[in-house]
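**Q** heads up, no residue letters with this:
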């Protein structure tokens, strides 16, 4: 019998190694898998590369992981916020490497990884400093920039409900990066509000089919 | 002269948004446009974190942390609205499905370059979000900004001195002084505020402006 449910966030992340690349879902706090991040902090893996839209808010979640100095490098579109003080301090001290990526390019690089695409051309950022050093190409009447996929060892995401096969439905704008990050990682771990009986999620409404999911934790 | 305040600029932008338009409002000044769309005109607001049909701010106490806009403020969903993931959201933007992106700006150049994401100072932490995608992707890019900096310098410039967000992408500029179209042959003044002559606007702006027949 397939059963992707795991007893605890700690059990779901026991095998994370130092140096891993980890995608973390959420846009600000909406969709951020806080219980999984807390478990990652307790687990102790260091030297991590983190992929997230932001670089932590306040003192909890991703901000706490950054504060604990577990992150070596972060790929994101919008690190600077009124309450991103832990990122700001370590970035200014030179202890945290930042790769700033336009938000749509970030999403598409994640999507491309999950879809097996080798690279893609996008018009976004052409002629700006975020395209410096990148291959460009004129296609039709527009200039484009070559961008490569972002693969990850783990994706930690939050959904609303799952079944034991790992099928997922999300809640409102907390969906954000969850469905694409789930496709782009070797091991996708999902924090859900509820685990329901197999067959009770409407197959027409499943957003992430279970093939993309390895572990499900109710929290 | 009758300089417009922020809400008056927003109201002026709102007048130009037609029924049925799909619109993204940038963080800051452009979000005010939502308050000035006339009742009964169906305009569908897009938020890049994954919402079409963004509704007004909820009543105090009924905020939902899973329902926020791109500025991370609580919002509501209109009947007919939809949620989607980030790759779909930016397919809508980059794929030219949005009719209008309304953006704030530090500077706009005569050729329609826009700078709005980075002041370029060495110690500032850069953050770009979806600005570069909106600049290249929307069918029409409208900029809303003060005409002059606090020092009185024109924010409409020959070449942007701040780092670019996008090149040759702005279609129209709305300021507290004027509405100006960016066209291949230069900047065309559509209208000026009451009491401001074309000549005075030209003097304040510092880059060549063209007079349209309909100018006030």
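**A** Perfect, thanks for sending it. Predicted model only: the values in this text are computed from it and were never measured. Numbering: from 1, shown residues only, chains lettered A, B, ... in the order given.

**Q** which residue ranges form the helices in chain A?
**A** A:9-12, A:34-43, A:62-67, A:85-92, A:103-115, A:178-184 (DSSP state H).

**Q** try chain B
**A** Secondary structure of chain B, counting by DSSP H: helices at B:6-15, B:86-94, B:131-137, B:198-205.

**Q** Residue A:193 touches residue A:162, doesn't it?
**A** No - taking contacts as C-beta atoms under 8 Å, residue A:193 lies outside contact range of residue A:162: 9.2 Å. Every C-beta, even on glycine, is put in place using the N, C-alpha and C of the backbone.

**Q** neighbour count winner among these two?
**A** Neighbour tally, residue A:193 and residue A:162, criterion other C-beta atoms under 10 Å in any protein chain shown: the higher count belongs to residue A:162, 27 against 12.

**Q** Share the number of residues neighbouring residue A:3, please.
**A** That count, for residue A:3 with other C-beta under 10 Å as the rule, works out to 12.

**Q** no wait, residue A:54
**A** With other C-beta under 10 Å as criterion, residue A:54 counts 26.

**Q** Over to the one 3 residues further on?
**A** Neighbour count of residue A:57, defined by other C-beta under 10 Å: 21.

**Q** residues contacting the closest residue in space to it that isn't next to it in sequence?
**A** Ranked by C-beta to C-beta, 6 or more residues apart in numbering or on different chains and with sequence neighbours excluded, the top spatial neighbour of residue A:57 is residue A:83, at 5.0 Å. Counting by C-beta atoms under 8 Å, 6 or more residues apart in numbering or on different chains, residue A:83 touches A:57, A:58, A:63.

**Q** ditto for residue B:134
**A** Applying C-beta under 8 Å, 6+ apart, the residues near residue B:134 are B:24, B:26, B:48, B:93, B:98, B:101, B:103, B:141.

**Q** same check, this time on residue A:71
**A** Residue A:71 touches A:48, A:49, A:50, A:65, A:96, counting by C-beta under 8 Å, 6+ apart.

**Q** Likewise for residue A:204?
**A** Residue A:204 neighbours (C-beta under 8 Å, 6+ apart): none.

**Q** Repeat that for residue B:176.
**A** For residue B:176, the contacting residues are B:3, B:4, B:5, B:8, B:9, B:146, B:147, B:193, by C-beta under 8 Å, 6+ apart.

**Q** give the contact list for the second one.
**A** In this structure, residue B:4 makes contact with B:12, B:175, B:176, B:177, B:193, judged by C-beta under 8 Å, 6+ apart.

**Q** pLDDT weak spots in chain B?
**A** Along chain B, segments meeting pLDDT under 70 span B:213-216.

**Q** repeat that for 90
**A** Applying pLDDT under 90 to chain B picks out residues B:1, B:28, B:119-124, B:206, B:212-216.

**Q** Let me know the outermost residue of it.
**A** For chain B, the residue at maximal distance from the C-alpha centroid (C-alpha atoms, centre = their mean) is residue B:61, at 30.2 Å.

**Q** Please consider this matter closed, and thank you.
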